[in-house]
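Engineer: Structure of the sequence below:
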Amino acid sequence: MDQPSPIHVVCAHCGTKNRLAAGRAADHPVCGRCGAELLAGVPVELTDANFDAVTAGTELPVVVDFWAPWCGPCRAMAPQFEQAASSLRGRALLAKVNSDDNPRAAARLGIRSIPTLVRFEQGREVARSSGALPAAQIVRFGS
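Structural biologist: Residues are numbered from 1 along each chain as shown. Take a look at the predicted model:
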């Protein structure tokens, strides 16, 4: 009987690539280096420094919310994004990028309006949506 291949998840806190047994992503896995929970069901913060490593090195879908603190629709969508992160726990990694503090990632991806959600699969952009969305649509976007 063949064992499913392990999946890799990059820790947004320390940058370590962690290998998880397939089917165990929902079991509260922690980083082997820093001990942070890898898939806690809450959005992680990405920066210009760790953006590429996390989006390219994580084998689950990564849904990134590009936002800014002054943006009303961004603030309105934040609780919906958190709810979606909880719903997708173990199936996708949800992350936030403050585009004011991290302009390189936003500029490189051509983010022109916020909030904008971008879904990555193994480092490649596969979907994009601009504008605030309710939790159910974010879950569908990330599934």
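Engineer: part of a strand, is Lys96?
Structural biologist: Yes - the assignment for Lys96 is a strand, going by DSSP: H, G, I helix; E, B strand; the rest coil.
Engineer: Same question for the lengthiest helix in the chain: list its buried residues.
Structural biologist: Longest helix in the chain by number of residues (criterion: DSSP state H): helix 72-87. Using 16 or more other C-beta atoms under 10 Å as the test for burial, helix 72-87 gives Cys74, Met77, Ala78, Gln80, Phe81, Glu82, Gln83, Ala84, Ala85, Ser87. All C-beta spots, glycine's among them, are computed from the backbone N, C-alpha and C.
Engineer: mind checking how far it is from the chain centre?
Structural biologist: Relative to its chain's centre, helix 72-87 lies at 13 Å (C-alpha atoms, centre = their mean, to the nearest Å).
Engineer: which strands and helices sit next to it?
Structural biologist: If you count contacts as 3 or more C-beta pairs under 8 Å, 6 or more residues apart in numbering; DSSP states H and E, helix 72-87 packs onto strand 62-67, strand 93-98, helix 135-142.
Engineer: residue contacts, Ile138?
Structural biologist: Val63, Gln80, Phe81, Gln83, Ala84, Leu94, Leu117 (C-beta atoms under 8 Å, 6 or more residues apart in numbering).
Engineer: Grab the nearest non-local neighbour of the fifth one.
Structural biologist: Translated: Ala84. Closest residue to Ala84 apart from its sequence neighbours, by C-beta to C-beta, 6 or more residues apart in numbering: Ile138 at 3.7 Å.
Engineer: Let me know which of the helices and strands packed on helix 72-87 is tucked in deepest.
Structural biologist: Of the helices and strands packed on helix 72-87, the one with the most neighbours on average (mean count of other C-beta atoms under 10 Å) is strand 62-67, at a mean of 26.
Engineer: ends of stretch 31-40, how far apart?
Structural biologist: Using C-alpha to C-alpha, to the nearest Å, the end-to-end distance of stretch 31-40 comes to 11 Å.
Engineer: Same check on stretch 39-49?
Structural biologist: Start and end residues of stretch 39-49 are separated by 20 Å (C-alpha to C-alpha).
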